[in-house]
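Asks: Need a 3D model of the following:
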Amino acid sequence: MENYKKITKKHVVEPFKKNTIIASAICLIILSSLLLFILLVGSLHSVYLSKFVFDEPIQALIKKQEISFTLYSYCIDNSCPDPSFKHNFDQIPSVGEIVGDIGNLFNKRLDPNDIGNKIGDTANKVGKDIGGKAEEIVNKAKEILPQMVDGIKNFKPQIPTINFVGLFSIPYLVAFLINIIIFVLFYFGLNIFVIILLLFSAFFNAFSLIFDILLFRWVFQVIASIPGFGKQHTGPGIHLAAWSLIFLIIATVLMIVGVCSKMRGGNNNNNIIKQFRGNKLTPNKEQNQETSVIV
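Replies: As a prediction, this is how the structure comes out:
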C-alpha cells in the first residue's frame with residue numbers, strides 16, 4: 001500500500017501540481033483512448049451506429065424486434081454474422097434473414113388470396129399469444145409486409161458506399177494506436193511530438209466520425225423509408241466517437257498552451273538570472289571606475 005502511495009504521489013500528484021495544464025491534457029487523452037477502445041471492441045456486438053425497431057404487426061409476425069448496424073456488421077435482435085473490416089453498408093440483411101419463411105410467400109407466384117390467408121393464419125396464432133389482436137395484425141400485415149419485402153429487395157443507398165469499404169473503422173483503430181504512442185512520448189518529455197500526434201489522432205477520429213454521420217444521410221434514411229421499419233435510433237457508437245474527438249481537440253489546445261507557457265516561463269527565468277548577475281556585477285564595475293579615476 002505504501003509503495004502504491006509513493007508511485008501515485010511521484011507519477012500522478014507531483015506531475016499534476018507541477019504542470020496542471022499538461023496533466024489535464026493527459027487525462028483527456030486517457031478518456032479519449034478509453035472511448036475508442038469501447039467503440040472498437042463493443043462494435044463487435046452491442047455498440048451500434050443506428051438501430052431500427054420493426055412496426056408492431058411485423059414484430060408479431062416475424063418474431064423479431066429490431067435490426068442494428070455496427071462498424072463491422074449488422075444484427076437482427078441478438079443474432080449477428082461474423083464481424084468484418086469489409087462490411088458493406090450498401091447491403092442490408094436479405095428478406096429471408098429478416099422475415100424468414102413468411103418472405104418466401106412473396107418469392108413465389110401465389111394467388112393474393114392465398115398469401116392473405118397464410119398471413120392471416122400466422123397472425124391468428126400470434127394473436128392468441130398477445131391478447132386477441134389477430135384481426136388488427138392481419139389487416140396491417142397484409143398492407144405492410146408486401147411493401148416491406150419489395151423495399152428490402154430494391155434497397156439502394158442514395159450514394160453508393162462500396163468504394164469506402166473498410167475505411168469507416170480503421171481510422172478509429174489508427175487514432176487509438178496513436179494515443180498509445182503519445183503516452184510513450186510523454187514519458188520522455190517530447191511534448192512537441194505529442195502535439196503533432198494529437199493532431200493526427202484527431203484527424204483520423206474526425207474522418208471516421210464524418211463518414212459515419214454521412215451514412216445516416218446516404219444509407220440509414222433510405223432504410224427508414226422502407227415500410228415495416230419503425231423508429232430509427234442513433235446508437236452509442238456515434239456518441240462515443242464524437243466525445244472522443246472533443247476530448248482530443250481540447251487536449252491538443254491544452255498541450256499547446258502548456259508548452260507555450262512552459263517556454264515563456266523558461267525565458268522569464270533566464271531573464272531573472274541575467275538581471276541578478278548584472279546587479280551583482282555592478283558594484284565591482286563601479287569600484288573599477290573609481291580606481292581608474294584616482295589613478
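Asks: CA only for contacts and neighbour counts going forward, please
Replies: Fine.
Asks: Touching the helix or strand containing F37 from outside, list them.
Replies: Assigned by DSSP states H and E, F37 falls within helix 20-42. For helix 20-42, contacts defined as Cα atoms under 8 Å, 6 or more residues apart in numbering pick out 15-16, 47, 169, 172-173, 176, 179-180, 237, 240-241, 243-245, 247-248, 250-252, 254-255, 257-259.
Asks: Return the subset of those residues lying in helices.
Replies: Among these, the ones falling in helices (DSSP state H) are 15-16, 172-173, 176, 179-180, 237, 240-241, 243-245, 247-248, 250-252, 254-255, 257-259.
Asks: What are the buried residues along the helix holding F37?
Replies: For helix 20-42, burial by neighbour count (16 or more other Cα atoms under 10 Å) applies to 21-26, 28-33, 35-37, 39-40, 42.
Asks: before we move on, back to that, show me which of the contacts of helix 20-42 are buried.
Replies: For the contacts of helix 20-42, buried by 16+ other Cα under 10 Å: 16, 47, 169, 172-173, 176, 179, 237, 240-241, 244-245, 247-248, 251-252, 254-255, 258-259.
Asks: Please read off the pLDDT at the nearest residue to G237 once chain neighbours are set aside from the model.
Replies: Nearest residue to G237, sequence neighbours excluded (Cα to Cα, 6 or more residues apart in numbering): L49, at 5.0 Å. What the model reports for L49 is a pLDDT of 92.
Asks: who's in contact with L49?
Replies: By Cα under 8 Å, 6+ apart, L49 lies in contact with 68-71, 212, 234-238.
Asks: ok, and the most crowded of these?
Replies: Compared across these, L71 has the highest neighbour count, 28 neighbours, by other Cα atoms under 10 Å.
Asks: Is K51 within a helix or a strand, and which one?
Replies: Counting by DSSP H and E, the element that carries K51 is strand 50-54.
Asks: Tell me which helix or strand comes right after that strand.
Replies: Defined by DSSP H and E, the subsequent element after strand 50-54 is helix 56-62.
Asks: Can you dump the C-alpha atoms of that next one in PDB for me?
Replies: Only the C-alpha atoms of helix 56-62 are listed here, as PDB (Å, rounded to 0.1, in the frame of the first residue of the first chain):
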ATOM      1  CA  GLU A  56     -45.800  -3.900 -34.200                       C
ATOM      2  CA  PRO A  57     -47.600  -6.100 -36.700                       C
ATOM      3  CA  ILE A  58     -44.300  -7.000 -38.300                       C
ATOM      4  CA  GLN A  59     -42.800  -7.900 -34.900                       C
ATOM      5  CA  ALA A  60     -45.700 -10.200 -34.200                       C
ATOM      6  CA  LEU A  61     -45.400 -12.000 -37.500                       C
ATOM      7  CA  ILE A  62     -41.600 -12.400 -37.900                       C
END
